[in-house]
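K.L.:
What follows is a predicted structure for the sequence shown.
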Amino acid sequence: MNQNLLWPVILVALVLWAVFIWKEWSQRGKRMFWVKIVAGFLALVSLAMIVLKPSIWEKSTKGKGIVLTAGYRTAQLDSLKSIYKRIQTEEYTKGTPLSIVEEADSLFLLGRGLPSFDLWQLEDKSLAFLGGEQVEDWTEITYDRTVTFGDAFTVKAKHFKPRAGYWTILADNGGNPLDSVPFEAVDEQLIQLNAKPKASGQFIYRLLEKNDEGEIISNEPLPVQVVDGKPLKILMVNTFPTFETKYLKNFLTDKGHQVMARTQLTKGKYKFEYFNGASNPIYGFTQENLKEYDLLVIDTDSYIALGRSSKEAMEEAVKINGLGVFVQPNENLFRLAERQSPFQFDRDFITEITLGVPAQSVQKYPLEFKNDVRTQRISVDSANVAAYVPMEKGKIGTTLLQNTYQLFLDGKEELYAGIWTQILNNIAREQEALAKWKALTQTPRLDEPFQFEVRTSMNGIRVTTDKEANIPLLQDGLVQSKWKGVVYPRKKGWNELKVSKDSIAHYSYYVFDGNQHKTISQSETLKANLRQFGSENTFGASVSASKKAKKPISPFWFYGLLLLCFGWLWLAPKLTGH
């Protein structure tokens, strides 16, 4: 146990043994000389062991403990204490390390769990997560933090135990109502609210809950950045006109995109339409005449009929220039051989899916995309409605939906716009940016770690806060252009990160105070702990359960050996007369 005394004790023992040998050297010719030397050696070893306190490794058996977090059930705690008498208990406090993890082998975790940034404290522990009280009020709020000016702003939220007669309202910066939904007497209600920003900039929308008398019960801020979108240059190619193409063309034109539509009349003859400044007819595809376009929308029959040179030119434009290609499907697409199409399908025999709030049925082909590592699915309301295959810089994609124009005819313009915006934005050529940012922490708060990710092709990247403080970055081992960082915000409201080499490549994020999005954070914490520890309510295998600890050997044995040796050395001269 006293490793720091090891060498001094050995040296002193050797000196004492040498002195003892020198003292007895005159009797070296007698048999008793060697017995005395051995006895002296054993006596000195015993003394050394008493000082050094030798130990053995034993498995740690420290017992169980309880970690209490916000939302724990008192009845559950009392039940555990009645089963495990005098069990250790510690309540988690943000910013304070848990001492119980060093004192117990297995832990009961009660409540909603630890925040994501503190889960490391319970890593490699044998732990049973028992959960806590159900989070009430708002449990989930999802929306796009960045919205392109002109696009609809959609908020989807879940409310646990809503009260009939109450209302939820989406309001703008000035508190003006933009959309509302009444609560129903259900256990959990899914709510969708929509608005359309009237200007670009940084805004704080509000999700209000009001009672039947008009009083505000809760007020949750929804920070949004509205950015000016760059119109796309789109080429639409069709063998013959269809309603699906007509309404999609009108939708893209109304959004301000430059659209050039080519429709085949007869063999070698085409009709060209130009919208929002588009020009220059295209007969055959070349890499040169396709490189100015961001998106090619082509129907299946035109895609199949492409000549070898046109198809090669299209694929080169996708790979080299980043062109996005969307193939409008029909039955012929699903019959193509693997060498003719980048997509493969399986039959699922489902001809309708439900999207939107309130729910709306949308027709689809009775197929699904095959599981393939290359195929990237595009979801709307958690339903896979389309997919694309990356091809170097660009993508080629298609959808399983059909006759979506019927949504427009039924007055579901917002759902129609949402579907096609999601599909085409994922496939169109990506706008080049020096840095792409992603928030890894969903609800940033004061003095808590805000984790972010930045992708950039720049070398020697340096990220700073708006106060010019440098942020250490960790480079991804596999993707060299991806970096991760952590910052601790010092002010509420809008904060900014920027790449020092370029004033344009900046990122704004909103920091909430402790009372904002409180139930949302509690729900996120519960989900994070369930992902980390599961919900089995039993102890799992753990490194800590098999840790070994040093246990000192009882000094009784060394004292006994010392007394025997001393006794013999005292008695030996009396027996021999020397």
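P.N.:
Perfect, thanks for sending it. Residues are numbered from 1 along each chain as shown.
K.L.:
in this structure, which residue is closest to the centre?
P.N.:
Leu440 (6.0 Å; CA atoms, centre = their mean).
K.L.:
Which of the three states applies to the closest residue to that residue other than its chain neighbours?
P.N.:
Computed as CB to CB, 6 or more residues apart in numbering, the closest residue to Leu440 that is not its neighbour in sequence is Gln451, at 4.0 Å. From N, CA and C alone the C-beta is placed, and that goes for glycine too. Three-state call for Gln451 (DSSP: H, G, I helix; E, B strand; the rest coil): strand.
K.L.:
Likewise for Ser302?
P.N.:
Strictly by three-state DSSP, Ser302 counts as helix.
K.L.:
what sits against it?
P.N.:
Ser302 sits next to Val237, Asn238, Thr239, Gln264 when contact means CB atoms under 8 Å, 6 or more residues apart in numbering.
K.L.:
Hmm, the second one is touching Met260, no?
P.N.:
No - shown here, Asn238 and Met260 do not form a contact pair, counting by CB atoms under 8 Å, at 12.0 Å.
K.L.:
The residue nearest to Leu440 and Trp483: what is the separation?
P.N.:
Distance, Gln451 to Trp483, using CB to CB, to the nearest Å: 12 Å.
K.L.:
ditto for Glu133
P.N.:
As judged by CB to CB, Glu133 and Trp483 stand 39 Å apart.
K.L.:
So for the two, which residue has more residues nearby?
P.N.:
Between Glu133 and Trp483, Trp483 has the larger neighbour count (other CB atoms under 10 Å), namely 20 against 15.
K.L.:
What strand or helix carries the more buried one?
P.N.:
In this structure, Trp483 sits in strand 482-487 according to DSSP states H and E.
K.L.:
Now the element after that strand, going C-ward?
P.N.:
For strand 482-487, the succeeding helix or strand toward the C-terminus, using DSSP H and E, is strand 493-499.
K.L.:
can you map out the helices along the chain?
P.N.:
Along the chain, counting by DSSP state H, helices occupy 6-24, 31-52, 74-83, 243-254, 287-290, 300-305, 308-321, 405-409, 413-427, 518-533, 556-576.
K.L.:
out of everything not next to it in sequence, what's closest to Thr146?
P.N.:
Closest to Thr146 by CB to CB, 6+ apart is Gln225, at 4.8 Å.
K.L.:
Report how many residues lie close to that neighbour.
P.N.:
Neighbour count for Gln225, taken as other CB under 10 Å: 18.
K.L.:
Would you confirm that it contacts Val147?
P.N.:
Yes - under the criterion of CB under 8 Å, Gln225 makes contact with Val147 at 7.2 Å.
K.L.:
average pLDDT for the strand holding Trp483?
P.N.:
What strand 482-487 shows for mean pLDDT is 92.
K.L.:
counting contacts, what elements does it pack onto?
P.N.:
Judged by 3 or more CB pairs under 8 Å, 6 or more residues apart in numbering; DSSP states H and E, strand 482-487 is in contact with strand 450-456, strand 463-465, strand 470-471, strand 473-475.
K.L.:
List the buried residues for the second one?
P.N.:
The neighbour-count criterion (16 or more other CB atoms under 10 Å) identifies Val463, Thr464, Thr465 as the buried residues of strand 463-465.
K.L.:
Show residues contacting that strand.
P.N.:
Under CB under 8 Å, 6+ apart, the answer for strand 463-465 is 454, 470-471, 473, 483, 485, 487, 495-500.
K.L.:
Just the buried subset of these, written out for PyMOL, thanks.
P.N.:
Those of those that count as buried under 16+ other CB under 10 Å are selected in PyMOL with:
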select buried, resi 454+471+483+485+487+495+497+498+499
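K.L.:
and the contacts of strand 463-465, which two are the farthest apart?
P.N.:
Across those, the longest distance by CB to CB is 18.3 Å; it joins Trp483 and Asn495.
K.L.:
wait, doesn't Leu569 sit right on Phe41?
P.N.:
No - using CB under 8 Å as the test, Leu569 is too far from Phe41 to be in contact (11.3 Å).
K.L.:
Tell me the helices and strands packed up against the lengthiest strand in the chain.
P.N.:
Criterion DSSP state E: the longest strand present in the chain is strand 216-227. Using 3+ CB pairs under 8 Å, 6+ apart as the contact test, the elements touching strand 216-227 are strand 137-142, strand 146-148, strand 153-160, strand 201-210, strand 506-511.
K.L.:
Partner strands of that strand, with direction?
P.N.:
Taking DSSP bridges as the criterion, strand 216-227 forms sheet pairs with strand 146-148 (parallel), strand 201-210 (antiparallel).
K.L.:
can you give me the angle the longest one makes with strand 506-511?
P.N.:
An angle of 20 degrees separates the directions of strand 201-210 and strand 506-511 when computed by axes from the mean of the first three to the mean of the last three CA atoms, to 10 degrees.
K.L.:
ok, back up a step: list the contacts of the strand holding Trp483.
P.N.:
Contact with strand 482-487 is made by 440, 449-456, 461, 463, 465, 471-476, 497, as judged by CB under 8 Å, 6+ apart.
K.L.:
how does it look with 10 Å?
P.N.:
Strand 482-487 is contacted from outside by 117, 435-436, 438, 440-441, 444, 449-456, 461, 463-465, 469-476, 495, 497, 509, using CB atoms under 10 Å, 6 or more residues apart in numbering.
K.L.:
quick one on the thing from earlier: when you compare pLDDT across the contacts of strand 463-465, which one is lowest?
P.N.:
Within the set of these, pLDDT is lowest for Ser500 (71).
K.L.:
Am I right that that residue is in contact with Ile461?
P.N.:
Yes - the pair Ser500 and Ile461 passes the contact test of CB atoms under 10 Å, sitting 8.2 Å apart.
K.L.:
Save the helices and strands packed on strand 482-487 as JSON lines, and put in distance to Phe183 too.
P.N.:
Output for these, formatted as JSON lines (distance: least, CB to CB, whole Å):
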{"stretch": "strand 450-456", "distance to Phe183": "33"}
{"stretch": "strand 463-465", "distance to Phe183": "41"}
{"stretch": "strand 470-471", "distance to Phe183": "43"}
{"stretch": "strand 473-475", "distance to Phe183": "45"}
